[in-house]
Each structure stands twice: as structure tokens, then as C-alpha cells.
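In: structure for the following, please:
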Amino acid sequence: MNRCTWVKNDPLEIAYHDDEWGVPITDDQKLFEFLILEGAQAGLSWSTVLKKRENYRQAFANFDPERVAQFNEQKQQELKQNSGIIRNKLKIASAVTNARLFLDMQAEYGSFASYIWQFVGNKPIQNHWENLEQVPATTPQSEAMSKELKKRGFKFVGSTICYAFMQATGMVNDHTTDCFCYEKIKAMKSEINVGH
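Out: Numbers count the residues shown, from 1 in each chain. The predicted structure follows:
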């Protein structure tokens, strides 16, 4: 079975690639999870984050933005001692900041999904890359998303992080055309219903 060449021979990575990566997500809690995880990844490999994902789930209240938004200074200090996550003070603080802003977006747009999917016109972009070398690190859409999120005060949302977020949440189909997931993802509903 052909997979994207970035997938290592690691059960976690294989499962993530086969079942999650590129599948369109409109569930706000899942979107928040990827916002935290992609921010945590900055400067590190995705496999590092994937291995710590369960620890993140426990440390960050099952990725519930309402609960994470309540994390005070003491709680953030505790997280800095947690060896199961990436103990970067700025990344931990940014998760809390981003949770608060995430709630603002939900209030303003009805859901975070309604806001974020606008950047791709509410339907996944179907790319046709033949190999990994062709896949970009940023696109005009990720630039626009990054600029808007930064303007609103979000942290760890550079264009590259935004593009990785878009890939993970199925806003773009970046499986290479020889990957068995390519057609499977392409066949998923083309119009996303993000409902208010």
C-alpha cells in the first residue's frame, strides 16, 4: 500500500496518516486540538508531538477551549513541570491565550469552523502533487489565515504553522497522488457544512 513518503515506519504515524491527516474537520474541539498541537510543533518534528498527544490530551483538559481558557499562572507553572508535553513557557502560555481568543471567535461567528473554513471558500482545496518535493510549506491562503489570526492576537500561528494546520484538518488535500488516501480524501464531501 502506497503512502505519502513523509510517513515513517511508526504505528502512530501510520495510523495518523491513514485515518486523520487531510480528513475535513468541522468539529470545533478537534480544530482547537490541532491549533494547540501545531503550535507546539513549531521548530520540532510532528512525530515528537504525535508521541506526546495523549499527554497533551490529559494536560489540556481534553482540548476543551473553555477549560484551557481558565488556566491561571499557577496552572501554567505546573504544565512547565510536565515532562509529558513540550515544556516551552511561550507555547504553554500561547495555548491559553489562543483558547480565550478561540472562544471569542465562536461567539462572533457561531463556531470557529465557520471562521476558519472561509480561508478556503468553505471547501477543501484538492491538490495534485506527485511527490513530497512539490508540496509547499505555505500558500496565499495560509498567509492570509496567519495574518488574520495574528491581528486578533493568536500566537504561534505563522504561515507555515497555519499551512500544517490546514493540511491536518483537511482544508487542503496534500496526499500525493500515488498515496492510497488521495482518492479517499478527494471523494469526501466537497462542500463543507460549517453551520452556525
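In: which residue of this protein sits farthest from its center?
Out: Most distant from the centre of the chain: residue 74, at 26.6 Å, with distances by C-alpha atoms, centre = their mean.
In: what does the one helix or strand residue 30 maps to contact?
Out: In this assignment (DSSP states H and E), residue 30 forms part of helix 28-41. For helix 28-41, the surrounding residues in contact (C-beta atoms under 8 Å, 6 or more residues apart in numbering) are 25, 48-49, 52-53, 56-57, 60, 62-65, 68, 85-86, 88, 91, 94-95, 98-99, 102, 106, 111-113, 116, 155-157, 161, 164-165, 168-169. (Each C-beta comes from the backbone N, C-alpha and C, glycine too.)
In: could you identify the buried members of the residues you listed?
Out: Using 16 or more other C-beta atoms under 10 Å as the burial test, the contacts of helix 28-41 include 25, 49, 52, 56, 60, 63, 65, 68, 85-86, 88, 91, 94-95, 98-99, 102, 106, 111-113, 116, 155-157, 161, 164-165, 168-169 as buried.
In: average model confidence for the helix holding residue 30?
Out: Helix 28-41 carries an average pLDDT of 97.
In: for residue 49, helix, strand, or coil?
Out: At residue 49, secondary structure determined by DSSP: H, G, I helix; E, B strand; the rest coil is helix.
In: what about the nearest residue to it once chain neighbours are set aside, neighbour count?
Out: Spatially, and ignoring its direct neighbours in sequence, residue 49 is nearest to residue 41 (4.7 Å; C-beta to C-beta, 6 or more residues apart in numbering). Residue 41 has 22 neighbouring residues, counting by other C-beta atoms under 10 Å.
In: again, but for residue 61
Out: By other C-beta under 10 Å, 16 other residues sit near residue 61.
In: how about it: what's its closest non-neighbour residue?
Out: Distance criterion C-beta to C-beta, 6+ apart; nearest residue to residue 61, sequence neighbours excluded, is residue 67 at 3.7 Å.
In: could you do residue 42 as well?
Out: Per C-beta to C-beta, 6+ apart, closest to residue 42 is residue 156, 5.5 Å.
In: just checking, that neighbour touches residue 94?
Out: Yes. Between residue 156 and residue 94 there is a contact under C-beta atoms under 8 Å: 4.9 Å.
In: any idea how far the residue nearest to residue 61 is from residue 88?
Out: Remark: distance between residue 67 and residue 88 (C-beta to C-beta, to the nearest Å) = 20 Å.
In: residue 12 belongs to a strand?
Out: No. Judged by three-state DSSP, residue 12 forms no part of a strand; its state is helix.
In: what's around it, how many residues?
Out: Around residue 12 there are 13 other residues, counting by other C-beta under 10 Å.
In: for residue 50, see how far away it is.
Out: For residue 12, the distance to residue 50 - C-beta to C-beta - is 5 Å.
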